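Enquirer: Okay, structure incoming, though there's no sequence with it:
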């Protein structure tokens with residue numbers, strides 16, 4: 001078990017190894033960043049970087065940047081989903097001397113995502129990483145338009161506007177059992193001693209809902225173990241992945257009403273929760289990657305192996321064993337999800353407690369409700385009193 005946990009801890013600390021890279025902006029306003037020794041020399045000035053981006057935007061040469069990542073409308077340094085995926089690209093590129101670049105669309109539409117993927121492929125991309133549910137339609141279109149290019153889509157499957165799913169042989173669809181990571185976070189929080197908790201998600205997309213559903217069930221499981229009469233939980237989706245004054249005010253009101261810790265589950269939404277927690281002297285559970293460096297209020301983070309899964313997918317493409325045409329699931333049994341213990345601020349919840357509950361989840365002894373077509377109120381609960389904010 002300790003060996004498994006050691007492997008798990010590897011990916012949650014990869015943020016420390018991000019390479020320093022240049023950046024520029026193309027003539028279409030799409031932000032890009034490049035890396036590896038093979039490209040750094042040509043990017044010593046802002047003018048060089050800008051002209052390079054323009055060249056890539058108009059060139060069909062295959063000698064450009066082989067690994068591309070297209071961000072959603074978040075940023076590459078969001079300390080969350082985009083950054084976690086980018087770290088996997090950077091790790092592989094630097095380890096094997098392969099060129100890489102990221103592209104940031106100017107708006108959050110399928111047309112903008114397709115346009116940006118086009119730009120990456122014109123720039124020489126052999127494989128394009130698309131982190132998130134919002135890329136479903138764009139990848140559905142591009143996997144057919146570019147059959148010789150490989151795609152990795154995270155947290156989703158390619159589907160058209162009618163909802164028809166098709167994963168082509170040149171596409172690797174990666175999903176995570178976020179409910180397991182959420183379960184571990186909720187369990188740990190209650191075992192630590194918290195009895196009034198919150199969940200603030202971003203958009204109610206499947207990945208966010210799985211985190212939330214697991215969180216609720218982890219709270220319930222721990223409450224039963226401890227023989228608690230009840231635990232209170234406030235539950236809310238903000239509808240976006242941005243840090244906003246509204247989200248911060250909502251979190252502040254929860255803390256003022258007695259909530260002790262909030263799971264900030266939605267990219268930069270977590271930053272709003274952290275800001276409120278810092279003012280209130282309360283606590284936060286981070287998401288996707290280890291967010292302990294973001295705020296002293298973060299007691300742990302519910303993480304998934306974003307960097308590991310992207311690295312593995314890119315490596316499989318270059319090794320000739322790309323697992324296209326199907327869903328690749330990362331979960332506790334293959335070290336794909338966890339909570340952070342190395343940088344955790346627990347006083348009562350121990351490493352031994354964690355290893356014990358992790359083993360139960362990984363073995364299947366604990367099974368979780370994760371039907372994202374349902375609502376949190378559909379989960380059978382005895383101890384947790386859920387107050388849903390509409």
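Expert: Perfect, I can see it now. Every value quoted in this text rests on a predicted model; they were computed, and no experiment measured them.
Enquirer: Name the next helix or strand downstream of the longest helix along the chain, please.
Expert: Determined from DSSP state H, the single longest helix within the chain is helix 206-226. For helix 206-226, the following helix or strand on the C-terminal side (DSSP states H and E) is strand 231-237.
Enquirer: distance between that next one and the chain's centre?
Expert: 22 Å (CA atoms, centre = their mean, to the nearest Å).
Enquirer: next helix or strand past it?
Expert: Next in sequence after strand 231-237, counting helices and strands by DSSP H and E, comes helix 245-257.
Enquirer: can you state the direction angle for that next one and strand 231-237?
Expert: Orientation of helix 245-257 against strand 231-237 (axes from the mean of the first three to the mean of the last three CA atoms, to 10 degrees) gives an angle of 170 degrees.
Enquirer: Output the contacting helices and strands for helix 245-257.
Expert: strand 196-201, strand 261-265, helix 269-280 (3 or more CB pairs under 8 Å, 6 or more residues apart in numbering; DSSP states H and E). Placement of C-beta: from N, CA and C, glycine included.
Enquirer: If you count contacts, what does the shortest one end up packed against?
Expert: Meaning strand 261-265. Using 3+ CB pairs under 8 Å, 6+ apart: strand 261-265 touches helix 178-192, strand 196-201, helix 206-226, helix 245-257, helix 269-280, strand 283-288, strand 298-304.
Enquirer: Please identify which of these is closest to residue 135.
Expert: With CB to CB as the measure, helix 206-226 is the member of the helices and strands packed on strand 261-265 nearest residue 135 (12.5 Å).
Enquirer: Low-confidence regions, the chain specifically.
Expert: Across the chain, residues meeting the criterion (pLDDT under 70) sit at 1-63.
Enquirer: Just want the most central residue of it.
Expert: residue 81 (3.2 Å; CA atoms, centre = their mean).
Enquirer: and stretch 216-234, how far apart are its ends?
Expert: 10 Å (CA to CA, to the nearest Å).
Enquirer: I should have written stretch 147-163 there, sorry.
Expert: 21 Å.
Enquirer: try stretch 339-352
Expert: End-to-end span of stretch 339-352 (CA to CA): 14 Å.
Enquirer: How many residues are close by residue 230?
Expert: 12 (other CB atoms under 10 Å).
Enquirer: Helices along this structure, start to end?
Expert: Along the chain, counting by DSSP H, helices occupy 2-12, 37-40, 46-58, 81-96, 110-122, 136-145, 178-192, 206-226, 245-257, 269-280, 306-319, 351-363.
Enquirer: Comparing the ones you listed, which comes out most buried?
Expert: helix 178-192 (a mean of 28; mean count of other CB atoms under 10 Å).
Enquirer: distance between that helix and the chain's centre?
Expert: When distances are taken as CA atoms, centre = their mean, helix 178-192 is centred 17 Å away from the chain's centroid.
Enquirer: Would you agree residue 338 is in contact with residue 183?
Expert: No - between residue 338 and residue 183 there is no contact under CB atoms under 8 Å: 11.1 Å.
Enquirer: show me what contacts residue 329?
Expert: 174-177, 336 (CB atoms under 8 Å, 6 or more residues apart in numbering).
Enquirer: And the furthest pair within those residues?
Expert: Longest distance between any two of these is 11.6 Å, between 174 and 177; criterion CB to CB.
Enquirer: ok, these two, which is more surrounded?
Expert: Neighbour totals were compared for residue 174 and residue 177, and residue 174 leads with 26 against 22 (other CB under 10 Å).
Enquirer: now that one, which residues is it bridged with?
Expert: When bridges are called by DSSP bridges, residue 174 pairs up with residue 154, residue 328.
Enquirer: so it makes contact with residue 153?
Expert: Yes - contact criterion CB under 8 Å: residue 174 and residue 153 qualify, at 7.0 Å.
Enquirer: Domains in this structure, by residue range?
Expert: The record's domain parsing of the chain by automatic domain parsing lists 2-176, 179-304+350-388.
Enquirer: Of all those, which one comes closest to residue 328?
Expert: domain 2-176 (5.1 Å).
Enquirer: returning to that earlier point: would you mind giving the helices of the chain as a markdown table with distance to residue 238 added?
Expert: A markdown table is the format used below for those (distance: least, CB to CB, whole Å):
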| stretch | distance to residue 238 |
| --- | --- |
| helix 2-12 | 25 |
| helix 37-40 | 38 |
| helix 46-58 | 33 |
| helix 81-96 | 15 |
| helix 110-122 | 22 |
| helix 136-145 | 21 |
| helix 178-192 | 17 |
| helix 206-226 | 10 |
| helix 245-257 | 5 |
| helix 269-280 | 6 |
| helix 306-319 | 21 |
| helix 351-363 | 28 |
